[in-house]
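J.: show me how the following folds:
(one chain, ligands or ions: 1)
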Amino acid sequence: MRRYFVGGNWKCNNTIAQTQSLINTVINRLVFDVAKVEVAVAPIFLHVPWVQANIQKNVQVAVQNTSLTKMGAYTGEISVEQVKDFGIPWVILGHSERRQYYGETNEIVGKKTRLALDHQLKVMACVGEKLADRESGQTTQVIQAQLDSIKKELTTEQWANVVVAYEPVWAIGTGRTASPEQAQDVHAFIRGWLKSQIGAQAEQQTRIIYGGSVTEKNALDLIKQKDLDGFLVGGAALKSAFTDIVAAAHSSR
Ligand code: PGA
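T.: Below you'll find the predicted structure:
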């Protein structure tokens, strides 16, 4: 049985005081069994040291991006070696906001994923279609191309450290969640892709999590879907709703 995974993507939100408050009032009060659910939160880089020093031990820390380049003369970047050196286990890569606003192509996301895994980081790899893709019947083609670009870079073994996050772009931050059936359809497609392209072990063991306007209200219905193994949460991860979302995953394991 796959262990559920719930990620909190805090994006470029929060002052120091707001992050401290979120940790103290929400994250450090989460009660869950790590054998059932893995929980990771992703603050901005600057807040990571404080978060690491003050977070309860059951919750892991993630970053929201790593550089395409290794350590060196790359002004403004933070590299995989530096993230690893800080003892940070997870990185979110290929988020649609990175693709949309910072020009990250499928190829870049594939290469970043490889670099992170080569440096013993674990990756939440995000895929998802835009509204126009869905409306023109291109959803699975778009997702397949995103997955193929990651596959091109990885060894079969490296998939053991990848969580795939299905995040339909039209559902991110819009309040318009994919229905449980819409989510399940795509999750099943991704699982089928894992089977045919990577192998039976990846098919059975890879967590496929859903993101896009997940709230405490829709989490229970979504998590009941067979191929849905957790969530990547944005807006609702910044408030007490996150407690209920973790509880929803926990109660169904
Ligand atoms: P949202 O964001 O929950 O605010 O829609 C999800 C995400 O971008 O990971």
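J.: when you work out contacts or count neighbours from here on, use the C-alpha atoms and nothing else.
T.: Noted.
J.: ok, the residue nearest to Ala241 when sequence neighbours are not counted - contacts?
T.: In this structure, Ala241 finds its nearest non-sequential neighbour in Glu216, 5.4 Å apart by Cα to Cα, 6 or more residues apart in numbering. The contact partners of Glu216, taken as Cα atoms under 8 Å, 6 or more residues apart in numbering, are 236, 241-242, 244-245, 248.
J.: now do the strands in the stretch 151-253 of the chain.
T.: Under the criterion DSSP state E, counting those that start in this stretch, strands of the stretch 151-253 of the chain are mapped to 162-166, 208-211, 230-233.
J.: adjacent strands (with direction) for the longest one?
T.: Okay, so that is strand 162-166. Paired strands of strand 162-166, with direction, are strand 122-127 (parallel), strand 208-211 (parallel) (DSSP bridges).
J.: and the ones you listed: which comes nearest Gln64?
T.: Proximity to Gln64, assessed across the strands paired with strand 162-166 by Cα to Cα, is greatest for strand 122-127 (9.4 Å).
J.: and the next element down the chain from the closest one?
T.: Past strand 122-127, further along toward the C-terminus, the next helix or strand under DSSP states H and E is helix 131-135.
J.: per-residue confidence averaged over that next one?
T.: The average pLDDT within helix 131-135 is 97.
J.: what's next to that helix, contact-wise?
T.: Counting by Cα under 8 Å, 6+ apart, the neighbours of helix 131-135 from elsewhere in the structure are 139, 142, 168-170.
J.: buried ones among those?
T.: A residue is treated as buried here by neighbour count (16 or more other Cα atoms under 10 Å); on that basis the buried members of the contacts of helix 131-135 are 139, 142, 168-170.
J.: thinking again about what came up before, farthest-apart pair in the contacts of helix 131-135, please.
T.: Taking Cα to Cα as the measure, the contacts of helix 131-135 reach their widest spread between Val142 and Trp170, a distance of 13.8 Å.
J.: common neighbours of these two, please.
T.: Jointly contacting Val142 and Trp170 under the rule Cα under 8 Å, 6+ apart are Glu129.
J.: for the chain, what lies in contact range of the ligand?
T.: Applying Cα under 6 Å from any ligand atom, we find that the chain lies next to the ligand at 9, 171-173, 211-214, 232-236.
J.: and which of the contacts of Glu216 is nearest the ligand?
T.: Distances from the contacts of Glu216 to the ligand were compared by Cα to the nearest ligand atom; the smallest belongs to Ala236, at 5.9 Å.
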